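J.: here are the coordinates; sequence isn't available:
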Ligand SMILES: Nc1nc2c(c(=O)[nH]1)N=C([C@H](O)[C@H](O)COP(=O)(O)OP(=O)(O)OP(=O)(O)O)CN2
C-alpha cells in the first residue's frame, strides 16, 4: 500500500521577516506567519507505516527553529555583506547578526524558503524508500508555494 503522511500547521508555523529581491531592488522589510505542511509518500511497511510521525516531527521542529522570529536573508543574493562582524547588511538594511537567519538561497521567496526547509528535512531525517517528499509553505492564507523532490 502506498500512502502519504502529512504534518501540518500548529507547531509548524513560525513568524519571520524578510525583504524579497525584485527587479527594482529589495522590497520593504515585512513579516509573515509562515505555515509549513510536509508530505512524505512511500510504501507502508509491515506495521502499516510509511515512517513513524515522531522522528519526522522532531526533525521538522529542529529545521524550522533557526528561522523562527528572525529576519531571513538570502545568503546567495548579490549585495549581501557578511564581512562586518556581528552584522548582516543587504540593500539599505544593516541588522545585528543575532536577529538574522542567513539561508543558502538566492532570494527569500516562499518557493526558495520552502526548498531550503525540505532539503534540510531530507538531510537530517532521510527515510529509506520514500517515493517523494513535498513541502508547502504558506506566507498568508491566500498564497503558498509547494516544492517536491522525487526520491525513487
Ligand atoms: N512567486 C512569488 N511571488 C511573490 C513572493 C514570493 O515569495 N513568491 N513574495 C512577495 C512579497 O514578498 C510579499 O510577501 C507578498 O506580496 P503580495 O502577495 O503581493 O502581498 P501584498 O499584501 O503586498 O499584496 P496584496 O495584493 O495586497 O495581497 C511578492 N511576490
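T.: Received it, and whenever you're ready, just let me know what you need. What you are looking at is a predicted structure, and each value in this text was computed from that prediction instead of being measured.

J.: check which helix or strand the most centrally placed residue in the chain maps to.
T.: Among the residues of the chain, the one closest to the centroid is residue 117, at 3.0 Å (C-alpha atoms, centre = their mean). Secondary structure from DSSP states H and E places residue 117 in helix 110-124.

J.: ditto for residue 139
T.: strand 130-140.

J.: and the pLDDT for the residue nearest to the centre of the chain?
T.: Per-residue confidence at residue 117 stands at 98 (pLDDT).

J.: now do residue 113
T.: Reported pLDDT for residue 113: 98.

J.: list the helices and strands the helix or strand residue 31 falls within packs on?
T.: According to DSSP H and E, residue 31 maps onto strand 30-43. If contacts are counted by 3 or more C-beta pairs under 8 Å, 6 or more residues apart in numbering; DSSP states H and E, strand 30-43 sits against strand 2-18, helix 53-64, helix 110-124, strand 130-140. Any C-beta I mention is one placed from the backbone N, CA and C, and that applies to glycine too.

J.: which one of those lies nearest to the ligand?
T.: Shortest distance between the ligand and the helices and strands packed on strand 30-43, using C-beta to the nearest ligand atom, is found for helix 110-124: 3.7 Å.

J.: pull out the buried positions in that closest one.
T.: 110, 112, 113, 114, 115, 116, 117, 118, 119, 120, 121, 122 (16 or more other C-beta atoms under 10 Å).

J.: return the member of these nearest to residue 141.
T.: residue 110 (13.0 Å; C-beta to C-beta).

J.: residues contacting the closest one?
T.: 34, 137, 138, 139, 143, 144, 145 (C-beta atoms under 8 Å, 6 or more residues apart in numbering).

J.: who's the last one bridged to?
T.: The residues paired with residue 145 through beta bridges, assigned by DSSP bridges, are residue 137.

J.: many thanks, have a good one.
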